[in-house]
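Visitor: coords below, sequence missing:
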């Protein structure tokens, strides 16, 4: 009887995990017409509730897209009375980097342009891959160093230590320890990934409060069901928590909080940047865009699931992006969430550069309206 019950538990657990990861597997594959989207407190953690939607503003479509609008229509673009009487460099500027897996390589391209043009920003707030790129940058790593992690695919390979299908096939072996203890749900612990992050960070920049530039990693606390901005503690663990994709990664415990990927609720964490005192927010959206697709494209395996995720996250991320003064949206369509292809990383970086260059006039105007000249 014991063996029968144990077999039932193993089978049930196996099926449950396969179902929870199935959508992620669909989203990790490249697509042509069908969009893929990243699904994607205590001391040093800012608790905020999910924000309501803001007004929809115009979009300029080119190689990427730039969302702009009247500065008074956006809470992330404050001027005059909205800036509480601040002027010039008293204005706090936040760069918000959204989640996107491999598509988040576009953040490197955006940062290249902003750095070259000397666009000022006082804090980086990131979710998932945005938290990882932002964390490295705030720790003082040069952009070529961060870029190399994408181009040699070491970053994504350290995240995916074992291919998902292999891990699923060997899952019955990994479920045996549950007879003795009960670890948190998820396929991977992420220990190797955290070690990779720590190895890349400078020795004197491994705590958030020691960083050269203020930084926050946004994650979702499972116990409270709210997004948190982690602003203190170990940088690598905060980066790991912000990118712990549910089902794929086990949640990351920090103190009494249990964190998963911030993209579940705040994939473009403009609200957290505002809560941290930002007057002007420049956001980067790494989502694939919602386009009309041919009816026959839904005959492919997994195509309906991918489309549903695209629809849901386009609706979820839109209101957050609309709160920024400027939203830079690189053209990363067709790049898989978990792609380890060098060509995909190159394309994403180039898309980030192109979209940022196209956004420069709007960025300058936004900052000038806030009284910031550069």
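Guide: Structure received. What you see is a predicted model; the values in this text were computed from it and never measured. Numbering: from 1, shown residues only.

Visitor: need the three-state assignment for the residue nearest the centre of the chain.
Guide: Nearest to the mean C-alpha position of the chain, counting by C-alpha atoms, centre = their mean, stands residue 99 at 1.7 Å. Of the three states, residue 99 takes coil under DSSP: H, G, I helix; E, B strand; the rest coil.

Visitor: from memory it sits against residue 267, does it?
Guide: Yes: with contacts counted by C-beta atoms under 8 Å, residue 99 reaches residue 267, the gap being 4.7 Å. For the C-beta atoms, the positions are set from N, CA and C on the backbone; glycine is no exception.

Visitor: got any ranges where the chain has weak pLDDT?
Guide: 1-89, 161-181 (pLDDT under 70).

Visitor: where along it do the helices fall?
Guide: Here the chain has its helices, by DSSP state H, at 2-27, 106-116, 129-138, 143-151, 154-159, 164-169, 171-175, 191-200, 235-242, 270-275, 303-321, 342-369.

Visitor: so for residue 215, which of those sits nearest?
Guide: Of all the helices of the chain, it is helix 129-138 that lies closest to residue 215, at 4.0 Å by C-beta to C-beta.

Visitor: elements contacting the closest one?
Guide: Other elements packing on helix 129-138 under the criterion 3 or more C-beta pairs under 8 Å, 6 or more residues apart in numbering; DSSP states H and E are strand 93-97, helix 106-116, strand 123-127, helix 143-151, helix 191-200, strand 215-221, helix 235-242.

Visitor: flag every buried residue along the fifth one.
Guide: Along helix 191-200, the positions that meet the burial threshold by neighbour count (16 or more other C-beta atoms under 10 Å) are 193-194, 196-198, 200.

Visitor: quick one: contacts of it?
Guide: Helix 191-200 is contacted by residues 132, 135-136, 141, 145, 149, 154-155, 158-159, 161, 206, 235-237, 239-240 when judged by C-beta atoms under 8 Å, 6 or more residues apart in numbering.

Visitor: what's the angle from it to helix 235-242?
Guide: 140 degrees (axes from the mean of the first three to the mean of the last three C-alpha atoms, to 10 degrees).

Visitor: quick one on the thing from earlier: okay if I get the helices of the chain as JSON lines plus distance to residue 329?
Guide: Formatted as JSON lines, the helices of the chain follow (distance: least, C-beta to C-beta, whole Å):
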{"stretch": "helix 2-27", "distance to residue 329": "18"}
{"stretch": "helix 106-116", "distance to residue 329": "9"}
{"stretch": "helix 129-138", "distance to residue 329": "13"}
{"stretch": "helix 143-151", "distance to residue 329": "19"}
{"stretch": "helix 154-159", "distance to residue 329": "22"}
{"stretch": "helix 164-169", "distance to residue 329": "28"}
{"stretch": "helix 171-175", "distance to residue 329": "38"}
{"stretch": "helix 191-200", "distance to residue 329": "27"}
{"stretch": "helix 235-242", "distance to residue 329": "21"}
{"stretch": "helix 270-275", "distance to residue 329": "14"}
{"stretch": "helix 303-321", "distance to residue 329": "8"}
{"stretch": "helix 342-369", "distance to residue 329": "6"}
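
Visitor: from what I can see residue 134 touches residue 128, true?
Guide: No: between residue 134 and residue 128 there is no contact under C-beta under 8 Å: 10.3 Å.

Visitor: circling back: now distance to residue 336 too, for the helices and strands packed on helix 129-138, in a markdown table please.
Guide: Output for those, formatted as a markdown table (distance: least, C-beta to C-beta, whole Å):
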| stretch | distance to residue 336 |
| --- | --- |
| strand 93-97 | 19 |
| helix 106-116 | 14 |
| strand 123-127 | 19 |
| helix 143-151 | 14 |
| helix 191-200 | 18 |
| strand 215-221 | 23 |
| helix 235-242 | 20 |
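
Visitor: can you say which of the ones you listed is nearest to residue 324?
Guide: strand 93-97 (6.4 Å).

Visitor: which strands and helices sit next to that closest one?
Guide: For strand 93-97, the packing partners by 3+ C-beta pairs under 8 Å, 6+ apart are strand 123-127, helix 129-138, helix 270-275, strand 280-284.

Visitor: need the ones you listed in a markdown table with mean neighbour count and distance to residue 261, can you?
Guide: Shown next, in a markdown table, are the helices and strands packed on strand 93-97 (neighbours: other C-beta atoms under 10 Å; distance: least, C-beta to C-beta, whole Å):
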| stretch | mean neighbour count | distance to residue 261 |
| --- | --- | --- |
| strand 123-127 | 30 | 8 |
| helix 129-138 | 29 | 9 |
| helix 270-275 | 26 | 14 |
| strand 280-284 | 30 | 17 |
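
Visitor: ok, which of those comes nearest residue 312?
Guide: Nearest of the helices and strands packed on strand 93-97 (C-beta to C-beta): strand 123-127, 16.3 Å.

Visitor: hmm, back to that, wait, which of the helices of the chain is closest to residue 229?
Guide: The nearest among the helices of the chain, by C-beta to C-beta, is helix 270-275 at 4.2 Å.

Visitor: by contact count, what packs against that closest one?
Guide: Helix 270-275 packs on strand 93-97, strand 123-127, strand 215-221, strand 226-230, strand 280-284, helix 303-321, going by 3+ C-beta pairs under 8 Å, 6+ apart.

Visitor: apply 10 Å and report the result again.
Guide: strand 45-47, strand 93-97, strand 123-127, strand 215-221, strand 226-230, strand 280-284, helix 303-321 (3 or more C-beta pairs under 10 Å, 6 or more residues apart in numbering; DSSP states H and E).

Visitor: in TSV: those, plus distance to residue 354.
Guide: Formatted as TSV, the helices and strands packed on helix 270-275 follow (distance: least, C-beta to C-beta, whole Å):
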stretch	distance to residue 354
strand 45-47	33
strand 93-97	17
strand 123-127	21
strand 215-221	26
strand 226-230	30
strand 280-284	13
helix 303-321	18
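
Visitor: much appreciated, bye for now.
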